[in-house]
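>>> the following comprises the amino acid sequence and a computationally predicted model.
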Amino acid sequence: MLSERQQAILGALVEDYVRGGRPVGSRALASDHGVQWSPSTIRAELATLEDHGFLTHPHTSAGRIPTDAGYRFYVEQLLKRSRSLPAPGQGEMRLSQMRREVESAIRETTAELSRVTDLVALVSAPPLNTATIHRVEVLLLQPRRVMVVVIASNGVVSKRVFTFAADVDPGIVEWAASYLNERLVGLALGARVAVSRLADPELGLSERSFLHEISSAFTSIEDSAAEETLYVDGASHLLSEQRSDDLPHAEELMEALERRVNLLSTLRSALEERSVFVWIGNENPQPELRSVSVVGANYGLGYRNLGAVGVIGPVRMDYATAIASVREAAGELSRFFEIVYDE
């Protein structure tokens with residue numbers, strides 16, 4: 001267990017290194033932070049922290065930098081007091097000002113989180129088995145071709161095109177859109193009960209025949225690819241020249257971002273984590289991410305998590321801002337989905 005002095009020195013060193021990106025020495029800590037300890041006392045504590053594995057020094061210079069263990073200790077202290085951390089730009093990510101569609105809300109959140117943190121932002125949409133039919137659109141593409149669009153509450157969009165033997169009455173297409181939204185909104189995706197909802201004996205023959213032709217659009221919906229359920233924004237932030245020293249394996253990271261299915265699996269493995277989780281360097285479950293850090297937070301309903309919000313950046317990142325930002329974004333998405341799932 002570190003003493004209070006060691007904790008204070010370690011915290012000050014991590015913050016200095018995050019800001020400047022250069023090894024931090026005892027004289028800098030003594031002068032920049034106005035501590036009551038002399039440089040010689042700080043130097044002795046730095047040596048002890050290095051012996052414990054919290055610090056290292058890359059060159060013969062007296063300056064030190066944090067190890068993954070040093071960042072981990074620092075982050076744990078942040079998490080303990082995270083409720084009192086000011087969220088940057090309080091209220092910047094207000095989903096009530098966005099379009100109500102889930103996909104739009106998730107995309108907006110991902111883009112805003114990347115902008116606020118200047119890091120790669122990730123948001124995983126809820127898995128299919130938690131989703132319901134949110135809206136149905138029926139569109140007449142050509143006289144004999146009709147497209148049925150099913151928008152799920154998790155943002156997944158399913159499109160099916162049906163070809164009829166004869167021209168389709170535009171009036172029945174307009175009627176079907178209204179009728180299907182009235183009968184199917186709120187049902188679980190792929191639920192067989194959808195068929196019974198469409199089989200209304202009071203409908204006319206032409207209406208029943210039309211609904212029968214398009215019924216498979218509601219009973220055979222499959223989970224979309226990872227690219228449609230994991231939203232990523234801000235990859236260019238990690239390719240800037242000023243971050244080249246902090247990201248020695250940038251190509252591996254870019255490949256990981258392209259293989260979204262692995263990232264999606266990684267985020268979903270954290271659905272049982274506490275509301276805010278941090279993976280530092282080698283702690284990451286995915287090998288391609290072991291040169292970076294991931295800060296994430298789960299969002300969802302009161303009784304279960306639905307997905308995760310996260311940022312990826314160098315191990316030398318501003319953890320306080322990252323933690324506060326993902327916490328705020330997750331909270332906004334949770335409130336949004338409480339409204340969507342209650343509709």
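Perfect, thanks for sending it.

>>> residue ranges with poor pLDDT in this structure?
Within the chain, the stretches with pLDDT under 70 are 33-34, 60-62, 82-101, 128-131, 153-156, 189-195, 219-228, 240-244, 274, 340-343.

>>> can you map out the helices along it?
Per DSSP state H, the chain carries helices over the ranges 4-20, 26-32, 39-51, 68-80, 102-117, 170-184, 193-198, 205-214, 216-219, 226-229, 250-258, 260-268, 319-342.

>>> looking at those helices, which is nearest to residue 140?
With CB to CB, the closest approach to residue 140 among the helices of the chain belongs to helix 170-184: 4.7 Å. To be clear about C-beta, it is placed using only N, CA and C from the backbone, and glycine gets the same treatment.

>>> can you tell me what sits against the closest one?
Identification of contacts with helix 170-184 by CB atoms under 8 Å, 6 or more residues apart in numbering yields 133, 135-140, 146, 194, 197-198, 206-207, 210-211, 214, 218.

>>> now do 6 Å
For helix 170-184, contacts defined as CB atoms under 6 Å, 6 or more residues apart in numbering pick out 133, 136, 138, 140, 194, 197, 210.

>>> check which residues of it are buried.
Counting neighbours by 16 or more other CB atoms under 10 Å, one finds that the buried residues in helix 170-184 are 172-173, 175-177, 179-180, 183-184.

>>> export the residues you listed as a markdown table, with columns for distance to residue 292.
Output for the buried residues of helix 170-184, formatted as a markdown table (distance: CB to CB, whole Å):
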| residue | distance to residue 292 |
| --- | --- |
| 172 | 54 |
| 173 | 50 |
| 175 | 53 |
| 176 | 49 |
| 177 | 46 |
| 179 | 50 |
| 180 | 45 |
| 183 | 48 |
| 184 | 43 |
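
>>> and those, which two are furthest apart?
Among these, 172 and 184 lie farthest apart (CB to CB), at 16.8 Å.

>>> give me the neighbour count for the closest residue to residue 53 other than its chain neighbours.
Once flanking residues are discounted, residue 53 sits nearest to residue 69: 4.9 Å by CB to CB, 6 or more residues apart in numbering. The number of residues packed around residue 69, counting by other CB atoms under 10 Å, is 18.

>>> break this structure into its domains for me.
Domain ranges of the chain: 4-66, 95-127+228-342, 130-219, per automatic domain parsing.

>>> which among the ones you listed is found nearest to residue 76?
Closest to residue 76 of the domains of the chain is domain 95-127+228-342 (CB to CB; 8.5 Å).

>>> can you give the distance of that closest one from its chain's centre?
How far domain 95-127+228-342 lies from its chain's middle: 3 Å, per CA atoms, centre = their mean, to the nearest Å.

>>> contacts for stretch 270-289?
The contact list for stretch 270-289, computed with CB under 6 Å, 6+ apart, reads 68, 71-72, 75, 252, 256, 262, 266, 290, 293-298, 305, 308, 315, 323, 327.

>>> kindly recompute the last result at 8 Å.
Outside stretch 270-289, the residues within contact range by CB under 8 Å, 6+ apart are 68, 71-72, 75, 79, 82, 249, 252-253, 255-256, 262-263, 266, 269, 290-298, 305, 307-308, 312, 315, 319, 323, 326-327, 330.

>>> might one say that residue 35 is in contact with residue 28?
No. The pair residue 35 / residue 28 is not scored as a contact, 11.2 Å apart, by CB atoms under 8 Å.

>>> could I get the helices of the chain as TSV with distance to residue 281?
As requested, the helices of the chain are exported to TSV (distance: least, CB to CB, whole Å):
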stretch	distance to residue 281
helix 4-20	14
helix 26-32	23
helix 39-51	17
helix 68-80	4
helix 102-117	18
helix 170-184	47
helix 193-198	47
helix 205-214	51
helix 216-219	46
helix 226-229	24
helix 250-258	12
helix 260-268	15
helix 319-342	13
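
>>> what's the closest of those to residue 162?
Nearest of those (CB to CB): helix 205-214, 5.5 Å.

>>> about what we covered before: what's the distance between the residue nearest to residue 53 and residue 320?
Going from residue 69 to residue 320 by CB to CB, to the nearest Å gives 19 Å.

>>> picking that back up, most neighbours per residue, which of the domains of the chain?
With neighbours taken as mean count of other CB atoms under 10 Å, the domains of the chain reach their highest mean count in domain 95-127+228-342, at a mean of 19.

>>> partners of residue 139 in the sheet?
Here residue 139 sits in beta bridges with residue 147, going by DSSP bridges.

>>> for the buried residues of helix 170-184, which one is nearest residue 18?
Lowest distance from residue 18 to the buried residues of helix 170-184 (CB to CB) belongs to residue 184, with 50.8 Å.

>>> would you mind measuring from the closest one to residue 123?
Noted for residue 184: a distance of 27 Å to residue 123, by CB to CB.

>>> residues in contact with residue 313?
For residue 313, the contact set (CB under 8 Å, 6+ apart) comprises 117, 119-120, 237-238, 292-293, 295, 322.

>>> and which of the contacts of helix 170-184 is nearest to residue 4?
residue 133 (56.0 Å).

>>> residue 1 versus that closest one, what's the distance?
Going from residue 133 to residue 1 by CB to CB gives 54 Å.

>>> now residue 261
From residue 261 to residue 1 the distance is 41 Å (CB to CB).

>>> including distance to residue 166, could the contacts of residue 313 go into TSV?
Rendered in TSV, the data for the contacts of residue 313 read as follows (distance: CB to CB, whole Å):
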residue	distance to residue 166
117	56
119	55
120	51
237	54
238	55
292	58
293	60
295	57
322	59
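
>>> cheers, nothing more for now.
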